[in-house]
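Novice: Here's my sequence, what's the structure:
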Amino acid sequence: MRHGDADVEKLHKKEFVDWFSMRIEELYEDGEANEHMMSLANGPEFRAKHYPIYNVHGFRFHTSPRDVAKQTQNDGVMVKGEGHTEGCVPWYGKIKDIIELRYTKGNRVFLFNCHWYDTATE
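Specialist: A predicted model of the protein is given here:
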């Protein structure tokens with residue numbers, strides 16, 4: 001049976017979270033996943049925190065709204081892309097929001113919501 005892209009995305013959204021949780025639980029019971037993986041599989045807390053600034057590994061990131069009235073801007077990001085026939089194509093963007101998700105066992109995940117630029121046309 002062949003699925004269209006829209007069908008695959010619907011199926012993924014509907015089933016992946018439950019499948020992932022059950023799979024990590026099986027691996028944990030077999031000693032192949034640790035407590036940190038279990039905490040991620042159980043999902044984050046219901047509340048998220050938003051930050052205008054985030055420091056990690058000696059780098060400081062700002063959101064675009066925070067930088068609006070500042071003389072220096074620090075809201076830009078660049079990610080090296082992979083998988084293109086031309087080689088690694090860089091992606092450039094501006095950080096709109098920095099979101100922290102908290103999990104059990106002290107796990108935290110920081111997400112950068114970015115506006116990405118298409119460098120081929122912009």
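Novice: can you map out the helices along the chain?
Specialist: Along the chain, the segments classed as helices by DSSP state H run 5-29, 35-41, 64-67.
Novice: so which of those helices gets nearest Val109?
Specialist: Taking Cβ to Cβ, helix 35-41 is the member of those nearest to Val109, at 7.9 Å. All C-beta atoms are positioned from the backbone trio N, CA, C, and that covers glycine.
Novice: Can you point out the buried residues in the closest one?
Specialist: In terms of neighbour count (16 or more other Cβ atoms under 10 Å), helix 35-41 has its buried residues at Met37, Met38, Ser39, Leu40, Ala41.
Novice: Next: stretch 61-79.
Specialist: For stretch 61-79, by 16+ other Cβ under 10 Å, it's Phe61, His62, Thr63, Ser64, Arg66, Asp67, Asp75.
Novice: Next, format the residues you listed as CSV and append distance to Trp91.
Specialist: Shown next, in CSV, are the buried residues of stretch 61-79 (distance: Cβ to Cβ, whole Å):
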residue, distance to Trp91
Phe61, 16
His62, 19
Thr63, 18
Ser64, 16
Arg66, 22
Asp67, 19
Asp75, 15
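Novice: Looking at the residues you listed, which is nearest Cys88?
Specialist: For the buried residues of stretch 61-79, the minimum distance to Cys88 (Cβ to Cβ) is 21.8 Å, reached by Phe61.
Novice: Quick check: bridge partners of that closest one?
Specialist: Judged by DSSP bridges, the bridge partners of Phe61 are Tyr54.
Novice: Make sure it is actually in contact with Met78.
Specialist: No: because the distance of 11.9 Å does not satisfy Cβ atoms under 8 Å, Phe61 is recorded as not touching Met78.
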